[in-house]
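Peer 1: this one's sequence-less:
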């Protein structure tokens, strides 16, 4: 059996009775034969031994049409164990087929990268339009500069008479180095 072949899982601890396609084939590190990664018709991934599969009869069932999302769409998804609502700000193709989404959750604006299979459309249509500038109920920005404010003296301690004009000499280095010799660094 090779990658792409349809198989039915007949043994093992997971997926018994399920059908799917082989997407990975490699040596069995724990015994004779090969191991397979099988993408089940139910969408789950199964890791099985070569002895636990047989060729499947028939073709794969027709997959339901994939849902796609546009930028600005409001969606619901699971994030950090909670059902959250957000809006799509980026869409792209997944490496394994389908659509990937960039979603900003509301109200905390967390960014979530997720496969479109795990997202549902949310009630309320498109995302709220982004606003720039201050909130409408906030005070307006000042219309004047700070020219009427007196200069504030800045004293960071530099230029004090107490500061030495040169860095202190390392006594160990000074004992063997002279002005004519190159310092070793």
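Peer 2: Done, it's in. Quick caveat, the model's predicted, so the values are computed rather than measured.
Peer 1: start to end distance for stretch 7-27?
Peer 2: 18 Å (Cα to Cα, to the nearest Å).
Peer 1: outside of that stretch, which residues touch it?
Peer 2: Here stretch 7-27 makes contact (Cβ atoms under 8 Å, 6 or more residues apart in numbering) with 1-6, 34-42, 44, 46-49, 51-57, 60. Yep, even glycine has a C-beta here, placed from its N, CA and C like the rest.
Peer 1: try 7 Å
Peer 2: Residues from elsewhere that reach stretch 7-27, judged by Cβ atoms under 7 Å, 6 or more residues apart in numbering: 1-6, 34-42, 46, 48-49, 51-56, 60.
Peer 1: Quick one: mean pLDDT for that stretch?
Peer 2: The pLDDT scores in stretch 7-27 average 90.
Peer 1: which SS class is the residue nearest to residue 48 when sequence neighbours are not counted?
Peer 2: Of all residues not flanking residue 48 in the chain, residue 12 sits nearest, at 5.0 Å (Cβ to Cβ, 6 or more residues apart in numbering). Under DSSP: H, G, I helix; E, B strand; the rest coil, residue 12 falls in the coil class.
Peer 1: Any idea how many residues pack against residue 12?
Peer 2: The number of residues packed near residue 12 is 14, by other Cβ atoms under 10 Å.
Peer 1: now residue 71
Peer 2: 13.
Peer 1: mind checking the SS state of it?
Peer 2: coil.
Peer 1: Buried subset of the contacts of stretch 7-27 as a ChimeraX selection?
Peer 2: Typed into ChimeraX, the line below selects the buried ones among the contacts of stretch 7-27, using 16 or more other Cβ atoms under 10 Å:
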select :6,34,35,36,37,38,39,40,46,48,49,52,53,56
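Peer 1: who are the neighbours in contact with residue 32?
Peer 2: Per Cβ under 7 Å, 6+ apart, neighbours of residue 32: none.
Peer 1: Quick check: it is in a helix.
Peer 2: No: counting by three-state DSSP, residue 32 is not part of a helix but coil.
Peer 1: Identify the residues contacting the residue nearest to residue 45 when sequence neighbours are not counted.
Peer 2: Distances taken as Cβ to Cβ, 6+ apart place residue 39 nearest to residue 45, at 5.9 Å, with adjacent residues excluded. Residue 39 sits next to 20, 21, 23, 45 when contact means Cβ under 7 Å, 6+ apart.
Peer 1: next one: residue 67
Peer 2: residue 116.
Peer 1: please renumber so the chain begins at 56
Peer 2: That works, and once the first residue is 56, the last one we named lands at residue 122.
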